[in-house]
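Undergrad: Provided below for reference: sequence and predicted model.
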Amino acid sequence: MTRTLASEITRIRGHFDGALALLDARDVSGLDRAAQLTRMLLRQALVEYQAGGVFPLNHDFAAGLRPTFVDDHGTRCAMAHLMDLGGASELVSEVAAKANHAYVDELAADPRFLAWLNAAGLTVEEAARIQPGYGCVPAADCLCTVAASGGGAAPAVVEATIATLSTTSNEVGVKVTAVHGETDVKVGDDITAVRYRSLDLKTGDSVLVTLTKVDGDYEVLAAVKDGQLGETCGASVPSDPFPNQSSRGKVGPISVADVVALREDTRDACISALKARDECFGVCGGVHDETGQAVTCTYGESDAGGAPISADAGGAPVTKPSGDVDVDAGTSGGVAAAPASTDDGGCSTTGGSAPASVAVLLAVAGAMLARRRFAG
């Protein structure tokens, strides 16, 4: 099945429905009042995170779904977002640097993580349910949403200019400047679309939008400059018309005219044609193909020895979740467990320490209030 931005957002939002149901099912009468209030605020923050639809991109693994604590663009996963709100930003940064694809069960080897959960009134089981796995959307899959699928007609594609940008969600308002294909949308119309948050857009920028309305949303396929596509689905073109974009997973040059021409193909033929044009159209971040094999893309990032990022020293792909937490002394691949300390500001992992719960409560309440003031 071809993944699209809209289908990934829908899948992840559905995951959070299950997490919220688990949170609601727990009897929290045994928690201290501060922990109960913190948990209530974090639940509301999760609802807002779910509605915003701004989720990390998995640039590193095409095979299956993997947790991504913080992606290349700084987007936090749900747990990282909640921890940031709750005053654990330093731990979030450490996990992102050392164990970015670790699972909650692995992170639970760190007493600092357990202490934060305890103060926030959350269990490891609940945190694990909150944490989704993220899929890969290669540029070919994204661009080929313009092609016909399932025997139906190819969707229309419009060129547009950014009119408004939401600060709290992935929605953008655009004004249509050109229409390709049959649609009721006309030049001059104002429509709303969703975008990858990694797209470094500002008002006045030109974009290409597909009118598939997958899951009820139009999708911003790519930023456009001088008729050439910039970043699309987390992959950017080598001509680099947008120098501030991430350099990961650059794909071969492609123009608006090229994408419009792809509407004549079926989706499968479209994907095959783009992969034949440049293999990097079919991989995630220029790192792995759909079989999990490491790929050195012409324009992808590599280390000093020329090996693809996320490959081992011999160029072999990483075949297990990177950053598995190992608390043994001397390890370097994960987040080492902090030594036990009696000077932890009351943030112990047992007994539901009231001072720790109050500290996390104040951090969450302050952060959420600040976000509302900024958004308003």
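TA: All right, it came through fine.

Undergrad: does Val209 really touch Asp189, like I thought?
TA: No. The pair Val209 / Asp189 is not scored as a contact, 11.1 Å apart, by CB atoms under 8 Å. Where C-beta positions appear, they are placed from N, C-alpha and C, glycine not excepted.

Undergrad: More neighbours: which of the two?
TA: Comparing Val209 with Asp189 by other CB atoms under 10 Å, the one with more neighbours is Val209, at 24 against 14.

Undergrad: For that one, give the beta-bridge partners.
TA: Here Val209 sits in beta bridges with Val158, Val220, going by DSSP bridges.

Undergrad: Might you report the residue contacts of it?
TA: Contacts for Val209 (CB atoms under 8 Å, 6 or more residues apart in numbering) come out as 157-160, 174, 191, 193, 218-221.

Undergrad: repeat that with 10 Å
TA: 156-160, 172, 174, 176, 185, 191-195, 218-222 (CB atoms under 10 Å, 6 or more residues apart in numbering).

Undergrad: List only buried entries from those residues.
TA: 156-160, 172, 174, 176, 185, 191, 193-195, 218-222 (16 or more other CB atoms under 10 Å).

Undergrad: Pull up the gap between Thr183 and Pro155, please.
TA: 8 Å (CB to CB, to the nearest Å).

Undergrad: residue ranges with poor pLDDT in the protein?
TA: Judged by pLDDT under 70, the chain has its weakly predicted residues at 1-6, 59, 61-64, 136, 150-151, 196-200, 212-217, 231-252, 283-355, 371-376.

Undergrad: Now do the strands in it.
TA: 157-165, 171-180, 190-194, 206-214, 217-225, 228-229 (DSSP state E).

Undergrad: Minimum distance to Asp32: which of these has it?
TA: strand 171-180 (38.7 Å; CB to CB).

Undergrad: which neighbours does the closest one have in its sheet, and in what orientation?
TA: Short version: by DSSP bridges, strand 171-180 pairs with strand 157-165 (antiparallel), strand 190-194 (antiparallel).

Undergrad: what would these look like in TSV with distance to Leu57?
TA: What follows is those, written out as TSV (distance: least, CB to CB, whole Å):
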stretch	distance to Leu57
strand 157-165	18
strand 190-194	14
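
Undergrad: Out of those, which gets nearest to Met368?
TA: Using CB to CB, the nearest of the strands paired with strand 171-180 to Met368 is strand 157-165, at 21.7 Å.

Undergrad: shared neighbours, Val209 and Asp189?
TA: 158, 160, 174, 176.

Undergrad: so the third one makes contact with Ala160?
TA: Yes. Using CB atoms under 10 Å, Val174 makes contact with Ala160 at a distance of 3.8 Å.

Undergrad: joint contacts of those two?
TA: With CB under 10 Å, 6+ apart, Val174 and Ala160 have common neighbours 189-191, 193, 205-207, 209, 218, 220.

Undergrad: Helices along the stretch 1-150 of the chain, start to end?
TA: 5-25, 33-52, 78-85, 89-98, 104-107, 111-120, 124-130, 139-143 (DSSP state H, counting those that start in this stretch).

Undergrad: Can you say which of the ones you listed is packed in most?
TA: Highest mean neighbour count of the helices of the stretch 1-150 of the chain: helix 139-143, a mean of 26 (counted as mean count of other CB atoms under 10 Å).

Undergrad: Can you name every helix or strand that it contacts?
TA: Here helix 139-143 touches helix 5-25, strand 206-214, strand 217-225, helix 267-277, going by 3 or more CB pairs under 10 Å, 6 or more residues apart in numbering; DSSP states H and E.

Undergrad: who touches the last one?
TA: The reference is to helix 267-277. Contacts for helix 267-277 (CB under 10 Å, 6+ apart): 2, 138-150, 154, 251-254, 258-259, 261-266, 280-283, 289.

Undergrad: Only alpha carbons, please: show it as CSV.
TA: Extracted as CSV, the C-alpha positions of helix 267-277 are listed here (Å, rounded to 0.1, in the frame of the first residue of the first chain):
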residue,chain,number,x,y,z
ARG,A,267,0.6,4.9,-9.6
ASP,A,268,2.7,1.7,-9.8
ALA,A,269,4.2,2.8,-13.2
CYS,A,270,4.8,6.3,-11.8
ILE,A,271,6.8,4.9,-8.8
SER,A,272,8.8,2.6,-11.1
ALA,A,273,9.6,5.5,-13.5
LEU,A,274,10.8,7.7,-10.7
LYS,A,275,13.0,4.9,-9.2
ALA,A,276,14.5,4.3,-12.6
ARG,A,277,15.2,8.0,-12.9
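
Undergrad: May I see the buried residues of it?
TA: Counting neighbours by 16+ other CB under 10 Å, helix 267-277 gives 267, 270-271, 273-275, 277 as buried.

Undergrad: For burial, what's the neighbour tally of Glu182?
TA: 10.

Undergrad: isn't it right up against Val157?
TA: No. Using CB under 10 Å, Glu182 makes no contact with Val157, being 11.0 Å away.
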